[in-house]
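A.B. asks: task: produce atomic coordinates for the following.
(chains A and B)
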Amino acid sequence: MSWTEKYRPKTFKEMAGNKKAIEEIKEWIKAWKEEGPQPPLLLIGPPGTGKTTLAHIIGSHFSDKLELNASDKRSYDALINIIGETSTTKSLFNNNLKLIILDEVDGIHGNEDRGGVRAVKKIIKESKHPIVLTANDPYSKKLQTIKPSCRVINIRKAHPNSIVAYLKKICKEEGIEADPKILRELAKRSHGDLRSAINDLEAIARGEKKIGAELLEAGEKDTFPSLFDAIRAILKSKNIRHIKEAMQIDEDPQLLLEFTAENIPREYEKPHEIKKAYDHISRADIFFGRATQTRDYIYWRYASDHIGVGVALSKDETYRKFTRYAGPGSFQLLGRTRAKRQLIEDLAEKISKKLHISKRVAISTFPYLQIILEDEKTAQETKRYLELTSEEFKILRGKRKPRKSKKTKTEKVEKEDPPKQKEKQTTLLQFK
Amino acid sequence: MIKLEGPWIEKYRPKTLEEIVGQEHIIPRLKRYVEQKSMPNLMFTGPAGVGKTTAALALAKEILGENWRQNFLELNASDARGIDTVRTNIKNFCRLKPIGAPFRIIFLDEVDNMTKDAQHALRREMEMYTKTAAFILSCNYSSRIIEPLQSRCAIFRFLPLKGHQIKERLEHIAKNEKLEYETTALDIIAYFAEGDLRKAINILQAAASLQEKISEDTIYEVISRARPKDVRRMIKTAIEGQFMDARNILREIMILQGVSGEDMIDQIYQEISRLAMEGSLEPETYIKFIDSIGEYDFRIREGANPRIQLEALLTTFLKE
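C.D. replies: Numbers count the residues shown, from 1 in each chain, chains lettered A, B, ... in the order given. Predicted coordinates for the structure are as follows:
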């Protein structure tokens, strides 16, 4: 049995962190038992924060539980067949409540799970049994229709200290003497994902009596294990065969490009190496462009060699050092800013319709609009003309405070400054 | 009820072909279509802000008459929801007979952003509805349009507007809005607009919003404030050899501010020029950088991911 299973908390008390959320959950259970049906619980939080574990602990407070997760095929029929009956029929005895767990509802796929969201909504509406749903992404479109009928509970990442404490407990149980430094490092690398921290610990500590800091390299946290192996080969090796073999992975090549590019400056230190490596990345991207343009994916193989062998050969020699590789920073940025970007996107779309311009052009006019809107009268008129919501208006106007009256009425003293003017003109010419 | 007035770029969009600024080699030919009450499929190609959309709208109004709205469909080919949405829209629109007009017009913007596959699909669409609808395709670069599409259209190449043409239009607007201004201020707008009238009008309105009397300094203030923030800091960071930091700035500008790859290249080019003119860059370094910018401008057009290309461009600024 894997350690994540073996040491999965069985009670609320064993959970690391999220005390407030747990209190809310306990109240919900109590209310179900004493007052009758309650709206379903929707647990939202990043991977490895214990949502599924919580759901199972909740299940232990009811007479039975029934679980479906994202890996199940959950078409409309399947969902209704498995859950539909259970949820609507209830025995006469009130204490016979079965908890229905719908894991990762934001993972319901558009096409394959035709009608999946509809089925979930139907079950929520008709169920006479308690329901717990879990999801990773609070902004998922699929959640938007489900959210209003649920009690939403946010599950947060565990603090590194609680992760360290948890890992310590496991080491004690397993009879392993662990260097505190290594546990702290594992906790840090996990970014609040307790499950991955336990997995990492298991990878380096299983069957050991003692683990020291020198083992750190073995159990690197990675969301894409094979991807990181490929990147390590590319950045550390110069052996074509070794690199090409490590790149035989089942990942989107453009994702591999992003991961490789991200880690080039983490591994390579000399500017000319970074330049050369990034030039191969750029060339690879051009082949991706050609593939998309022509729909001829034969070009991918050239891209692949640029990313692999090209980047590998860009280093003078292999660095003898331990590098912590990372996922693409741009992805993290995209995830973090999703809500804000969506607002900008919607705003651009609205403006593009009103002004007969494309979204791209709309975005490029934002800086001018921002200045134009500093005049209060123009601002109000433009707001109505573009039919902007207050929120959209705020984004467009930015942080700068508007001026009350149109333009400054105070006479500006004309500053005649011919030499300066002349200078500017000549600068402009040079500019050209 | 008082009619709401939109931003000047819309308020002063010419309503008729006659009013359009410049493009003298194109407008008379479009007028001929109006006289004949028929037109072939058209392709308008040329840079931003030179009148492609305006010409399409004006032509539609004049050729379709008072019912032009019901018979005119404006779509953006690079719509995020994909080519299928675009095709469905076209299909639904073309299925119906023209109402009170000789035919219907579909205006499809940014066709050069469509994949070759999508362009081939569009070609079939165009053939299917030749009897009931005419297409006006619009793009910045005709070289990115597949040959069969080009050969099905009469091609009109819109040119960047000349400085004096932009200035005349700005004077017209200024008069209408009763603006006070220094004549040289309009010269500077025309210079910075680089043939793009939309940009020129945006600068003018922004300037009008800032000052009672528009001076050269007002224009410089607008230009410097409208510039995406942090581009200079990004370049300097790269030159100092801090690649990871420079890369982070780039990502923030592109992802948070939503600035496109093409706009980014423009800004980098202009900022490098400014640095050189201020004497912060050696002439030799300057020309080397300009060459890289040009190379990566080209690569962005060929490649799949503009951000990756720009990250690569930043590495060429690194001090060795």
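
A.B. asks: can you list the residues of the stretch 1-150 of chain B near chain A?
C.D. replies: B:4-7, B:9-10, B:13, B:48, B:53, B:57, B:74, B:76, B:78, B:80, B:109-110, B:115-117 (Cβ under 8 Å from any Cβ of the partner chain). Just so you know, the C-beta spots here come from the backbone N, C-alpha and C atoms, and that holds for glycine as well.

A.B. asks: one more time with 10 Å, if that's ok
C.D. replies: B:2-11, B:13, B:48-49, B:53-54, B:56-57, B:74, B:76-80, B:107, B:109-110, B:113-120, B:138, B:144, B:146 (Cβ under 10 Å from any Cβ of the partner chain).

A.B. asks: which among these end up buried?
C.D. replies: By neighbour count, with 16 or more other Cβ atoms under 10 Å in any protein chain shown, the residues of the stretch 1-150 of chain B next to chain A hold B:6-10, B:13, B:48-49, B:53-54, B:56-57, B:74, B:76-79, B:107, B:109-110, B:113-114, B:116, B:118-119, B:138, B:144, B:146 as buried.

A.B. asks: in strands only, show me those residues.
C.D. replies: Using DSSP state E, the members of those that fall in strands are B:74, B:76, B:107, B:109, B:138.

A.B. asks: quick check: the fourth one touching B:T53?
C.D. replies: Translated: B:D109. Yes - in this structure B:D109 lies within contact range of B:T53 using Cβ atoms under 10 Å: 6.7 Å.

A.B. asks: from the ones in strands among the buried ones among the residues of the stretch 1-150 of chain B next to chain A, pick the one nearest A:A339.
C.D. replies: Closest approach between these and A:A339, by Cβ to Cβ: B:N76, at 24.0 Å.

A.B. asks: ok, the closest one touching A:S352?
C.D. replies: Yes - the pair B:N76 / A:S352 is scored as a contact, 7.1 Å apart, by Cβ under 10 Å.

A.B. asks: overlap in contacts of these two?
C.D. replies: Residues touching both B:N76 and A:S352 (Cβ atoms under 10 Å, 6 or more residues apart in numbering or on different chains) are A:358-361, B:109.

A.B. asks: in a strand, B:G279, correct?
C.D. replies: No - using DSSP: H, G, I helix; E, B strand; the rest coil, the assignment for B:G279 is coil, not a strand.

A.B. asks: what about it, how many neighbours?
C.D. replies: A total of 8 residues lie near B:G279 under the criterion other Cβ atoms under 10 Å in any protein chain shown.

A.B. asks: for it, give its distance to chain A.
C.D. replies: 12 Å (Cβ to the nearest Cβ, to the nearest Å).

A.B. asks: and B:K236, by the same measure?
C.D. replies: 15 Å.

A.B. asks: next one: the host helix or strand of that residue to chain centre, how far?
C.D. replies: Assigned by DSSP states H and E, B:K236 belongs to helix B:231-239. Distance of helix B:231-239 from the chain centroid (Cα atoms, centre = their mean, to the nearest Å) equals 27 Å.

A.B. asks: try stretch B:206-226
C.D. replies: The answer for stretch B:206-226 is 22 Å, by Cα atoms, centre = their mean.

A.B. asks: list the buried residues for it?
C.D. replies: Quick answer for stretch B:206-226 (16+ other Cβ under 10 Å): B:206-211, B:213-219, B:221-223, B:226.

A.B. asks: ok, now stretch A:47-65?
C.D. replies: For stretch A:47-65, by 16+ other Cβ under 10 Å, it's A:47-59, A:61-62, A:65.

A.B. asks: okay, now the closest residue to A:A31 other than its chain neighbours: neighbour count?
C.D. replies: Among residues not flanking A:A31 along the chain, A:Q38 sits closest, at 5.2 Å (Cβ to Cβ, 6 or more residues apart in numbering or on different chains). Residues lying near A:Q38 (other Cβ under 10 Å) number 16.

A.B. asks: just the one 4 residues further on next, same as before
C.D. replies: Neighbour count for A:L42, taken as other Cβ under 10 Å: 24.

A.B. asks: what about it, which helix or strand?
C.D. replies: Short version, using DSSP H and E: A:L42 is in strand A:41-44.

A.B. asks: and if you look at B:A134?
C.D. replies: strand B:133-139.

A.B. asks: can you name the element that comes right after that strand?
C.D. replies: As the chain continues past strand B:133-139, the following element, by DSSP H and E, is helix B:147-151.

A.B. asks: okay, helices next: where are they in the stretch 201-350 of chain A?
C.D. replies: A:225-236, A:240-246, A:253-267, A:271-294, A:300-305, A:311-312, A:329-336, A:338-355 (DSSP state H, counting those that start in this stretch).

A.B. asks: hmm, who's touching the second one?
C.D. replies: Applying Cβ under 10 Å, 6+ apart, the contact partners of helix A:240-246 are A:226-227, A:229-237, A:239, A:304-305, A:307-313.

A.B. asks: same thing but 8 Å
C.D. replies: The contact list for helix A:240-246 (Cβ atoms under 8 Å, 6 or more residues apart in numbering or on different chains) reads A:229-230, A:232-234, A:237, A:308-309, A:312.

A.B. asks: next one: the third one
C.D. replies: For helix A:253-267, the surrounding residues in contact (Cβ under 8 Å, 6+ apart) are A:224, A:227-228, A:230-231, A:234-236, A:247, A:249, A:274, A:277-278, A:281, A:284-285, A:288, A:300, A:303-304, A:307, A:311, A:315, A:319, A:323-331, B:243-244, B:247, B:304-305, B:308, B:311.
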